[in-house]
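Asks: show me how the following folds:
(2 chains)
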Number of protein chains: 2
Amino acid sequence: MILTVTLNTALDITYRVGALRPHASHRVSEVTERPGGKGLNVARVLAALGHEVTVTGFAGGATGRTVQDRLTDTPGVVDALVPVSGATRRTIAVVDEHTGDTTQLNEPGPTISAAEWSAFQEAYVDLLASVSAVALCGSLPPGVPVGAYAGLVRAAKAADVPVLLDTSGEALRRGVAARPDIIKPNAEELAELTGSHEPSRATQDARRRGARAVVASLGEDGLLALAPEGRWRATPPTRLRGNPTGAGDAAVAGLLSGLVERLPWPDRLARAAALSAASVAAPVAGEFDRGAYDELLGQVAVTAEVTAA
Amino acid sequence: MILTVTLNTALDITYRVGALRPHASHRVSEVTERPGGKGLNVARVLAALGHEVTVTGFAGGATGRTVQDRLTDTPGVVDALVPVSGATRRTIAVVDEHTGDTTQLNEPGPTISAAEWSAFQEAYVDLLASVSAVALCGSLPPGVPVGAYAGLVRAAKAADVPVLLDTSGEALRRGVAARPDIIKPNAEELAELTGSHEPSRATQDARRRGARAVVASLGEDGLLALAPEGRWRATPPTRLRGNPTGAGDAAVAGLLSGLVERLPWPDRLARAAALSAASVAAPVAGEFDRGAYDELLGQVAVTAEVTAA
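Replies: Predicted structure coming up:
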């Protein structure tokens, strides 16, 4: 069983409209809804790969009920979200039918009380007893202390559970100092953490800050990994067009499943890069094109690099 | 007890954002939700005036549950919405914090099945037995026959319940032919019904088509009423700035409460015009500024007009 943590869960709603014009009235032609937040996307990809996954984080209000109803309908995913009094946030992606461009509206989400945060931490420690790995994913909701991920990383390490951290900003900076097994920043998050826009130098700096392994997702340039065992670059063969939202979450699922299956680093990276590329070809985050994945998996080029310093 | 019918109920959501820019990502700073659809707005105003109101129409899915939960919390309003398998639609008003301009996104709403429409008609006839007046409000959802309001008007008349119809297009055209006691078109709806953009001529034409009384809401020009008892114009003293959504619904509540209280036409019209103006000063449809209403009520000018033809 793998555990994913999504403190800032959401109901992701997609509207298709003819063309979005400010100050006009629009008839929405199609509405789709799915559970959202990075850890839930990771969980769906893991479940599709055949892993059993438990999801935790917070759920509240009518929107939270809808998220939980949808999770119950997802094979392989166990819902262990912790109830809160506030309402789970919605995100609305307004897709222009002609251009495919998306306008995003993100609700702020509920403020988590001290008692709710405390209840979550207890539930989390209980869950750690029966899982083989944990991923801590996404931003922190209002009310949760900025050092939250550092505490969750330490609890995982105390329980001997490998922990992957995928967040940004100050939450990432503090979390890294607690020495997670893997972090998976994108180029921007890595630069913000380290102050360096040069990925090779920045991954080394991120390791010095506490991460045991750093896997940077560099968009079309694939993945750059720096671990105690070595340094690799994984590059997908083709640049797929589509929706890049969720590509990072698919990569996290690839890394985590590879870790649990004790794959060597190059195989983990090939899987992560192929899943990431195949998720770009899928219409929504947390899904991937199975045919594209199977085809891409053998075509990802993983090359060992010599460490510069 | 007054009955209002809202076949196309909604959950009205308002988002405040800095400035809406297509293809950008926006943080929503404030979220408000309330039951929506014209008949529910009318019901809230009637309840605020001290009338007991029953609301019917359709509710389904998680959004429908939220609408019903909110109605239960509204004093004076009894929820008699009929369950449907589809999900009640959401409408999203994105308000630009700087300009106050609104961009509207309207979901299509569920398709009503023949069995659901039949269940509604039975519930409606049962409700008619215990009410003193009924308002039929708003557009028809997919699946409901375009002649729906004509049937509902006839059922009300058969039960000796005065009926007010507030809709548009073909639903209005068919409904008028069934001889409702009052219709309350705005200028555009009246012109579409009659083919005339001259309100005086158009109200006469609308009566010839079957309406016993016609009260046209002409925005800042107030109300123009043509009834068997005479012809009046009701004009509010000042032009209030604000949100015109719901001004027509407030006018309907004024007309309906005046009818039930057996007020003479000039008093009904003064109330409707004052409520309408006072609702413009309130931030959301279905509410009105009580102080503004009390002040405006004595200041509305109601003048009898001589019928031209």
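
Asks: tell me which parts of the stretch 101-250 of chain A are close to chain B?
Replies: Residues of the stretch 101-250 of chain A that fall close to chain B, judged by Cβ under 8 Å from any Cβ of the partner chain: A:101-108. Yep, even glycine has a C-beta here, placed from its N, CA and C like the rest.

Asks: ok, now with 10 Å
Replies: Counting by Cβ under 10 Å from any Cβ of the partner chain, the positions of the stretch 101-250 of chain A adjacent to chain B are A:101-109.

Asks: which helix or strand contains A:Gly57?
Replies: Using DSSP states H and E, A:Gly57 sits within strand A:53-59.

Asks: follow-up on the earlier one: mind giving me CSV with the residues of the stretch 101-250 of chain A next to chain B and columns for pLDDT, neighbour count and secondary structure?
Replies: Putting these into CSV (pLDDT from 0 to 100; neighbours: other Cβ atoms under 10 Å in any protein chain shown; DSSP: H, G, I helix; E, B strand; the rest coil) gives the following:
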residue, pLDDT, neighbour count, secondary structure
A:Asp101, 85, 14, coil
A:Thr102, 87, 19, strand
A:Thr103, 92, 23, strand
A:Gln104, 93, 14, strand
A:Leu105, 96, 24, strand
A:Asn106, 94, 20, strand
A:Glu107, 95, 21, coil
A:Pro108, 89, 15, coil
A:Gly109, 87, 28, coil
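
Asks: among those residues, which one sits closest to B:Gly222?
Replies: A:Leu105 (36.9 Å; Cβ to Cβ).

Asks: what sits against the residue lying closest to the closest one once chain neighbours are set aside?
Replies: Excluding the flanking residues, the one nearest A:Leu105 by Cβ to Cβ, 6 or more residues apart in numbering or on different chains is A:Ile92, at 4.4 Å. By Cβ atoms under 10 Å, 6 or more residues apart in numbering or on different chains, the contact set of A:Ile92 is A:11-15, A:28, A:31, A:102-107, B:13, B:15, B:26, B:28, B:90, B:92, B:94, B:105.

Asks: what do you get for A:Ser118?
Replies: A:Ser118 touches A:Ile112, counting by Cβ under 10 Å, 6+ apart.

Asks: so for the helix or strand containing it, what gets flagged as buried?
Replies: Per DSSP H and E, A:Ser118 falls inside helix A:114-128. Going by neighbour count (16 or more other Cβ atoms under 10 Å in any protein chain shown), the buried part of helix A:114-128 is A:116-117, A:119-120, A:124, A:127-128.

Asks: now, which of the residues you listed sits nearest A:Glu170?
Replies: Using Cβ to Cβ, these come closest to A:Glu170 at A:Trp117, 16.9 Å.

Asks: correct me, but that closest one touches A:Gly143?
Replies: Yes - applying Cβ atoms under 10 Å as the test, A:Trp117 and A:Gly143 come out as touching, 6.8 Å apart.

Asks: can you show me the helices along chain A?
Replies: All helices of chain A, identified by DSSP state H, fall at A:38-48, A:61-72, A:114-128, A:148-158, A:169-177, A:187-194, A:199-208, A:247-260, A:265-280, A:290-297.

Asks: how about those helices, which one is nearest B:Ala277?
Replies: When these are compared (using Cβ to Cβ), the closest one is helix A:61-72, at 34.4 Å.

Asks: closest point of the stretch 151-300 of chain A to chain B, which residue?
Replies: A:Thr245 (10.7 Å; Cβ to the nearest Cβ).

Asks: as PDB, could you dump the C-alpha coordinates of the strand holding A:Gly57?
Replies: Taking C-alpha atoms only, strand A:53-59 is exported to PDB below (Å, rounded to 0.1, in the frame of the first residue of the first chain):
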ATOM      1  CA  VAL A  53      -3.200   3.500  -2.800                       C
ATOM      2  CA  THR A  54      -4.600   5.200   0.300                       C
ATOM      3  CA  VAL A  55      -5.200   8.900   0.000                       C
ATOM      4  CA  THR A  56      -5.400  11.300   3.000                       C
ATOM      5  CA  GLY A  57      -5.600  15.000   3.500                       C
ATOM      6  CA  PHE A  58      -8.700  17.100   4.200                       C
ATOM      7  CA  ALA A  59     -12.300  17.000   2.900                       C
END
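
Asks: residue ranges in the stretch 1-150 of chain A under the pLDDT threshold?
Replies: Judged against pLDDT under 70, the stretch 1-150 of chain A has no low-scoring part.

Asks: again, only this time at 90
Replies: A:19, A:23, A:96-102, A:108-109 (pLDDT under 90).

Asks: ok, how many other residues are close to A:Gly76?
Replies: Using other Cβ atoms under 10 Å in any protein chain shown, A:Gly76 is surrounded by 14 other residues.

Asks: for stretch A:48-63, buried residues please.
Replies: Quick answer for stretch A:48-63 (16+ other Cβ under 10 Å): A:48-49, A:51, A:53-63.

Asks: do the same with stretch A:275-293
Replies: Residues of stretch A:275-293 classed as buried: A:275-282, A:284-289, A:292-293 (neighbour count, 16+ other Cβ under 10 Å).

Asks: what pLDDT, on average, does that stretch get?
Replies: Regarding stretch A:275-293, the rounded mean pLDDT is 84.

Asks: quickly check: it near chain B or not.
Replies: No - applying Cβ under 10 Å from any Cβ, one finds stretch A:275-293 out of contact with chain B, separated by at least 14.2 Å.

Asks: hey, C-alpha coordinates of that stretch in CSV?
Replies: C-alpha atoms of stretch A:275-293 as CSV (Å, rounded to 0.1, in the frame of the first residue of the first chain):
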residue,chain,number,x,y,z
LEU,A,275,4.3,8.4,-17.7
SER,A,276,4.9,12.1,-17.6
ALA,A,277,4.9,12.3,-21.4
ALA,A,278,1.9,9.9,-21.7
SER,A,279,-0.1,12.1,-19.3
VAL,A,280,0.4,15.1,-21.5
ALA,A,281,-1.5,13.2,-24.2
ALA,A,282,-4.4,12.6,-21.8
PRO,A,283,-7.2,15.2,-21.5
VAL,A,284,-7.1,15.5,-17.7
ALA,A,285,-4.5,15.5,-14.9
GLY,A,286,-4.3,12.1,-13.1
GLU,A,287,-4.8,10.1,-16.2
PHE,A,288,-2.4,8.9,-18.9
ASP,A,289,-2.7,7.4,-22.3
ARG,A,290,-1.9,3.7,-21.8
GLY,A,291,-0.9,3.1,-25.4
ALA,A,292,1.4,6.1,-25.5
TYR,A,293,2.9,4.9,-22.1
